[in-house]
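[1] Let me see the structure of the following:
(4 chains)
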There are 2 protein chains.
Amino acid sequence: MPVRQADVAKEAGVSPRTVSNVINGHPHIRPETARRVREAIAKLRYVPNPSAQTLRTGRVGILGFAVPDLSLPYFAELATLMTREAAERGYTLLLDVTSGRAEAEQHVVSGLRPRVMDGLIMSPLALCPEQLTDSAGGKPLVLLGEWGVQKSPLAYVGVDNVTAAASATRHLVETGRRRIAAVGPVRGRTGGAASQRLDGYRQALTEAGLAVDERLVVEVDRLDREGGQAAMAALLAAGDLPDAVFCFNDLVAIGLCWAAQEAGLRIPADLAVIGWDDTPEARWARPAISSVRADTEQLAQRSVAALVGQIEHDEPPRHEYVAHHLRARTSTTGRPYRPGETVEGPDWERLPPPAVRPR
Amino acid sequence: MPVRQADVAKEAGVSPRTVSNVINGHPHIRPETARRVREAIAKLRYVPNPSAQTLRTGRVGILGFAVPDLSLPYFAELATLMTREAAERGYTLLLDVTSGRAEAEQHVVSGLRPRVMDGLIMSPLALCPEQLTDSAGGKPLVLLGEWGVQKSPLAYVGVDNVTAAASATRHLVETGRRRIAAVGPVRGRTGGAASQRLDGYRQALTEAGLAVDERLVVEVDRLDREGGQAAMAALLAAGDLPDAVFCFNDLVAIGLCWAAQEAGLRIPADLAVIGWDDTPEARWARPAISSVRADTEQLAQRSVAALVGQIEHDEPPRHEYVAHHLRARTSTTGRPYRPGETVEGPDWERLPPPAVRPR
DNA sequence: CTGAAAGCGCTTACAG
DNA sequence: CTGAAAGCGCTTACAG
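    Next up, the predicted model:
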């Protein structure tokens, strides 16, 4: 019932081979022939059958993007950008929600899925690169979070967590804070972005001549508002409050601010707070919350480019860093802020655009 | 290089036909044969090639879900639920972000996409059902928003916007409000959910013996925080402030609260505010914002069921309603609220679960 | 209950 | 520059 290539060929008075050539843009086709074929395609509203194409060529035209949690605005934003980025290169993006469960991540990577995708971009939470390496089903894989990827043979795109975290911490120091807490390592999960951010945090404190007090490093169950709320409760219960908190994402910062304000603390007078991801919710919070922003456009662009490069040109996997910025707002500066304004932090950093670090 | 059905057949000492029968669960297979086949499958780690299956059967195993905007938490939540729901029925969910552009919506429905999906669930923003009807590419389509679907032949799943909006408005009346504004119709877009919510709003006001003041109906450019901010600015500029606002989603409510508080208004003492979607951001706002919640689990479950029913059993399209609830919080009641608590509104409503209204 | 064979709709060496 | 033909890996009437 649907129109086939053969119907187009008959309509245009050529062989199917020629129709295929026109569609796939092969050179050396007589302009007149090409025109006739194109007219026939338009007239019959012919659309090639993707399954037949895939069966024949082994190429699917689909990139996978596996995210742990779409309710994190960071991933929702990234998914939107990736969809666009993939479309520009002629691919469709297939989104997979793993909920951070190891089983789901495993399934995406090694299960049925590889067959319906040409490659996968993933932000692993439960699985570490070693577990992913073998199982990628032979398809190219690009990693987005970090999980001790330094020594992994897999491709990786992300921000330099150490530098960015140091920059956030330094910002707190420069606004006069001395007892700075860090909230965000996830209980029971070691390595990954969190440990790099802790490195940056400790490094900046040491450079500023401040002591590192391990009691001020607070773990959370999840990087969500409830986690931030619980962390603030723990800090309050411990007494000897910090005068600033570096939160590993905005949701944690929001929950923490909630609990702090509930306890009568003023932000930033009593407690400065900085988050991570630069979500709209942080910009619209009262007071507006300072945040570290990864350049998500670059992230989407580079990771899709890296994946397509592996797929189409067999490029070797490499590690790549994207820019980050510090958005200083009321929760650290005390200065009024209206959503929509962009206030670069005093010591914001930007890595040179094609910051490629070959492995 | 990958293992094919024929390899499994040879390993098990049967014909490909038998392997296919075992995989597809055909009856009347000798248990001993089935066991041998299954062992061979496991041993060789055979996975059927989906493209070949699709080419042969015409069935893809993929459901599409087209959303206008993943940064709306409502859609992010729905996407997560739908993914799970689809997986339970053996389908993969393909997410498409249309950004509410007519062109993108058209493309999803009529473009290349229908060939890679068995059916589509979509929340149209720019296109009305009439435009969608012809173009569905012959594949089943389930609509999620409303766009004057009452008379559309397309399947529809959603909340009863009239009833829910009336309920929200009545709640404001019952907490003593008399000048109640409605913020949310999108400028230049007529019909759809917004006009139904306006109907419910007017209906409730009239029933309460209050006059409907059309100057209190405020349009927005988009249903986002900026839209709410601008709407509040307009209300402030107009003078003669309302004492309550019914916002058509939580983002608008959040932007509106921001602007109201910036102007020195106290919520709810000076202005009561209720939103729609019951997002976490509304629960964690200060004060916590009351909201109308559609039962998203039901929505996901019913819409996937309706789509799969059309695909697999050729069921006729029908209109179906899911339950909604009113979550009364500080922004209307003035009572303290801690995120995580569930406070049903005094006049919350729930439609009987299988609320099917055949067309 | 299972084999041998055709065909889903493409692409692509192989000829001309 | 274009035709005729094979084959990608499945499923399924058709026989037995």
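
[2] pLDDT below threshold where in chain A?
    Low-confidence segments of chain A, defined by pLDDT under 70, are located at A:1, A:110-115, A:126-137, A:146-151, A:342-359.

[3] Establish whether the lengthiest helix in it and DNA strand C are in contact.
    As far as residue count goes, and with DSSP state H defining each element, the longest helix of chain A is helix A:296-313. No - looking at helix A:296-313 against DNA strand C by CB under 7 Å from any atom of the strand, there are no contacts, and the closest approach is 13.0 Å. To be clear about C-beta, it is placed using only N, CA and C from the backbone, and glycine gets the same treatment.

[4] Now that helix: buried residues?
    For helix A:296-313, the neighbour count (16 or more other CB atoms under 10 Å in any protein chain shown) marks A:296, A:298-311 as buried.

[5] Now do the same contact list for A:Glu281.
    For A:Glu281, the contacting residues are A:Pro73, A:Asp250, A:Leu251, A:Ile254, B:Glu281, taking CB atoms under 8 Å, 6 or more residues apart in numbering or on different chains as the criterion.

[6] how about a cut-off of 10 Å?
    Neighbour list for A:Glu281: A:73, A:225, A:250-251, A:253-254, A:275, A:289, B:73, B:225, B:251, B:254, B:279-281, B:284-285 [criterion: CB atoms under 10 Å, 6 or more residues apart in numbering or on different chains].

[7] Now, those that are in strands?
    Among the contacts of A:Glu281, the members falling in strands (DSSP state E) are A:Gly275.

[8] quick one on the thing from earlier: run through the neighbouring helices and strands of the longest helix of chain A.
    Counting by 3 or more CB pairs under 10 Å, 6 or more residues apart in numbering or on different chains; DSSP states H and E, the packing neighbours recorded for helix A:296-313 are strand A:62-67, helix A:73-88, strand A:119-122, strand A:141-143, strand A:155-159, strand A:319-322.

[9] To DNA strand D, which of these lies closest?
    Distances from DNA strand D to each of the helices and strands packed on helix A:296-313 were compared using CB to the nearest atom of the strand; the shortest belongs to strand A:62-67, at 17.2 Å.

[10] centre of the chain versus the closest one, how much separation?
    Using CA atoms, centre = their mean, to the nearest Å, the mean C-alpha position of strand A:62-67 is found 12 Å from that of the whole chain.

[11] C-alpha coordinates for that strand, PDB please?
    The C-alpha trace of strand A:62-67 is given here as PDB (Å, rounded to 0.1, in the frame of the first residue of the first chain):
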ATOM      1  CA  ILE A  62      19.300   7.000  15.600                       C
ATOM      2  CA  LEU A  63      21.500   8.200  18.500                       C
ATOM      3  CA  GLY A  64      20.700   7.200  22.000                       C
ATOM      4  CA  PHE A  65      20.800   9.500  24.900                       C
ATOM      5  CA  ALA A  66      20.500   7.800  28.300                       C
ATOM      6  CA  VAL A  67      19.800  10.100  31.200                       C
END
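
[12] That strand close to chain B?
    Yes - part of strand A:62-67 sits close enough to chain B to count as contact by CB under 10 Å from any CB of the partner chain, namely A:Ile62, A:Phe65, A:Val67.

[13] of the buried residues of helix A:296-313, closest to DNA strand C?
    When those are compared for distance to DNA strand C, the smallest value, 14.5 Å, is given by A:Ile311; criterion: CB to the nearest atom of the strand.

[14] so what's the closest residue to DNA strand D within the stretch 251-359 of chain A up against?
    As assessed by CB to the nearest atom of the strand, DNA strand D sits closest to A:Ile311 within the stretch 251-359 of chain A, at 18.4 Å. Going by CB under 10 Å, 6+ apart, A:Ile311 touches A:Arg59, A:Val60, A:Leu63, A:Arg89, A:Tyr91, A:Met117, A:Asp118, A:Gly119, A:Lys139, A:Pro140.

[15] One more: A:Val217?
    With contact taken as CB under 10 Å, 6+ apart, A:Val217 is in contact with A:Ala181, A:Ala182, A:Val183, A:Gly184, A:Pro185, A:Leu198, A:Tyr201, A:Arg202, A:Phe246.

[16] Please name the residues that touch the residue of the stretch 101-250 of chain A at minimum distance from DNA strand C.
    When CB to the nearest atom of the strand is the measure, the stretch 101-250 of chain A has its nearest residue to DNA strand C at A:Asp118, with 14.2 Å between them. Listed by CB under 10 Å, 6+ apart, the contact set of A:Asp118 reads A:54, A:58-64, A:91, A:139-140, A:307-308, A:310-312.
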